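1. Here's a sequence, model it:
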Amino acid sequence: PVKYGDAYVKAWNALQEFKSEGLTRSIGVSNFQPEHLRRIVDETGVTPAVNQIELHPYLQQAGLRREHADRGIVTEAWSPLAQGAVLDDPVEQAPPIELERPRAQQGVGREGVGSRCAPVEDADAQPAAYAMALADIGRYHHYRTEHTRALEYLERARVLAEQSNDPETLSIVYGYLCGANQHLVEYATSDEWARANIALGERTNYPHAIAMGNEFLAENAFGRGFWQDALRYAELNRATGERVGAQDRVAWALFSRAQGEYGLGQLQRAQATVQTGLEICDRIGETRLAAWFEALAAMVLADMDAPAEAQTYAARGMELARELNQIVVDCWVMHGYAHMLAQRDEIAQAAEMYARVVARAAPSENQVARSLTFGYAAQVFVLAGEADQAARVLEELGFGLDLSQCAATGSQAELVYVSPRSARAASSC
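-> Here you go, the predicted model:
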């Protein structure tokens, strides 16, 4: 950007036009320093997806990488081996430390056979690097919905991250701990790590940690049905994200806000928030969050008696979920689709969709997928005359109810499907 004076702002505007016209999905920059990033974000409101910079052991650019973390920008390394210069460095041998490696990195050709040992940096000499290695393994298990196992690695990562005293590493590890506990519905523990992240950010002047902490507090609040708390923490997350230009944080804050508004029955507000969130997702290429927004939009619009629009959003959510192939996302978007069907009194089809939700979630350790969907699935199963299936689903949630009499004596007229935003009784049983 230095070579061409102020022309880089005009060039960035041109790239945004390309993106808006569908000519590219993501746009980024190279060799931008913090002042250049601040200017284009302040003047255009759009944050680059990536900044390619020279980055290698001799030039680590810690300050610029922190700016990237604050703004949600991916760092891409140019010349990571210093154009081969590091290859001439003397090699210090360290004893190998056993780490479990993802199957994709294990030996190919024989099922279950592969090396499980990888030489890594000495943990005492480079605790932050070793902490991130352990945290990445934990995150790998998290995405496989093996959350208990993920926590084992993340706790080891936390010990090393705290020794490193590096706020960026520690913030990431705290965030991963929030997520793993959240997906086990250990909301109180997740809240503790979220508050630890906020305290870290305040102590080290690292706003990204503050935003992440408030993001998890908001999500945990709407997971419990504490709608006002969800709105409050979402606003704190959004304000921090706006201040540092981190559009990903703003987008996730808007999702929590929309959930809170929907829970309070503020449908018009919720739909407006969803639309703003989807616009940001499209701008920054955030597909996973877009799937969550699409399903929520389907539910909101179904409750607003806009079935055609609800169908459009529900179908888009299903398409995105197929691309992502993540259990929690799958269950959420199928829940949105099933809710839309139930609101149209297409109970048999809704029951079929909820059966898919249960089949997807049941074998996994993930509890969020259950807690967000199984209660509503049980209502639809009862309406469809499948009381045994409803009882099994409620038992999964910890409710041992006998619904056989409900199925035997309750007429369809006595049973009402309850929107997730409603506090009415599910049935006369």
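2. those strands in the chain, which residues are they?
-> 29-30, 50-54, 74-78, 97-98, 117-118 (DSSP state E).
3. what bits of the stretch 51-200 of the chain have low per-residue confidence?
-> Residues of the stretch 51-200 of the chain meeting the criterion pLDDT under 70: 82-125.
4. would you list every one of the helices in it?
-> Assigned by DSSP state H, counting those that start in this stretch, the helices in the stretch 51-200 of the chain fall at 62-71, 127-143, 147-164, 167-183, 187-204.
5. Which neighbouring elements make contact with the last one?
-> If I follow you right, that is helix 187-204. helix 167-183, helix 207-224 (3 or more Cβ pairs under 8 Å, 6 or more residues apart in numbering; DSSP states H and E). Every residue, glycine included, has its C-beta placed from N, CA and C.
6. between these, which gets nearest to residue 268?
-> Nearest to residue 268, of all these, is helix 207-224, at 18.5 Å by Cβ to Cβ.
7. Output the contacting helices and strands for that closest one.
-> helix 62-71, helix 167-183, helix 187-204, helix 227-244, helix 247-263, helix 368-383.
8. can you give me the angle the fourth one makes with helix 187-204?
-> It stands for helix 227-244. Using axes from the mean of the first three to the mean of the last three Cα atoms, to 10 degrees, one finds that helix 227-244 and helix 187-204 are set 30 degrees apart in direction.
9. Which residues in helix 227-244 does the neighbour count mark as buried?
-> If you call a residue buried by 16 or more other Cβ atoms under 10 Å, then helix 227-244 has these buried ones: 227, 229-241, 244.
10. residues in contact with that helix?
-> For helix 227-244, contacts defined as Cβ atoms under 8 Å, 6 or more residues apart in numbering pick out 70-71, 207-208, 210-211, 214-215, 217-219, 221-222, 246-250, 252-254, 256-257, 259-261, 263-264.
11. And the buried ones among those residues, selectable in ChimeraX?
-> To isolate the buried ones among the contacts of helix 227-244 in ChimeraX, judged by 16+ other Cβ under 10 Å, type:
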select :70,71,207,208,210,211,214,215,217,218,219,221,222,246,247,248,249,250,252,253,254,256,257,259,260,261,263
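12. What is the end-to-end distance of stretch 354-370?
-> Counting by Cα to Cα, to the nearest Å, you get 11 Å between the two ends of stretch 354-370.
13. residues near residue 170, how many?
-> Counted with other Cβ atoms under 10 Å, residues neighbouring residue 170 total 26.
14. wait, residue 359
-> So residue 359, with other Cβ under 10 Å, has 10 neighbours.
15. swap in residue 205?
-> Neighbour count for residue 205, taken as other Cβ under 10 Å: 9.
16. For residue 27, find the nearest of the helices and strands packed on helix 187-204.
-> Closest among the helices and strands packed on helix 187-204, using Cβ to Cβ: helix 207-224, at 21.5 Å.
17. Distance-wise, check the nearest residue to residue 328 once chain neighbours are set aside relative to residue 46.
-> Excluding the flanking residues, the one nearest residue 328 by Cβ to Cβ, 6 or more residues apart in numbering is residue 369, at 4.9 Å. For residue 369, the distance to residue 46 equals 33 Å [Cβ to Cβ, to the nearest Å].
18. Settle it for me: which of the two has more neighbours?
-> Between residue 369 and residue 46, counted using other Cβ under 10 Å, the more crowded position is residue 369 (26 against 19).
19. For the more buried one, give me the pLDDT.
-> According to the prediction, residue 369 has pLDDT 92.
20. My guess is it contacts residue 326. True?
-> No. Residue 369 lies out of contact with residue 326 (Cβ atoms under 8 Å); the separation is 9.8 Å.
21. Next up, the contacts around the closest residue to residue 246 other than its chain neighbours.
-> The shortest distance from residue 246 to any non-neighbouring residue, by Cβ to Cβ, 6+ apart, is to residue 72 (4.3 Å). Residue 72 sits next to 47, 246, 247, 248, 249, 284 when contact means Cβ under 8 Å, 6+ apart.
22. Tell me who's in contact with the third one.
-> The neighbourhood of residue 247, defined by Cβ under 8 Å, 6+ apart, consists of 46, 47, 71, 72, 241, 280, 283, 284.
23. how close does the first one sit to residue 31?
-> Right, residue 46. For residue 46 relative to residue 31 (Cβ to Cβ), the value is 18 Å.
24. ok, now the third one?
-> As judged by Cβ to Cβ, residue 71 and residue 31 stand 16 Å apart.
25. what do you get for the fourth one?
-> Taking Cβ to Cβ as the measure, residue 72 falls 19 Å from residue 31.
26. The fifth one now?
-> When distance is defined by Cβ to Cβ, residue 241 is 25 Å away from residue 31.
27. One more: the second one?
-> To residue 31, residue 47 is 17 Å away according to Cβ to Cβ.
28. hang on, the earlier thing: nearest to residue 298, out of the strands of the chain?
-> strand 74-78 (30.3 Å).
29. Residues contacting that closest one, please?
-> By Cβ under 8 Å, 6+ apart, strand 74-78 touches 28, 30, 49-56, 64-65, 68.
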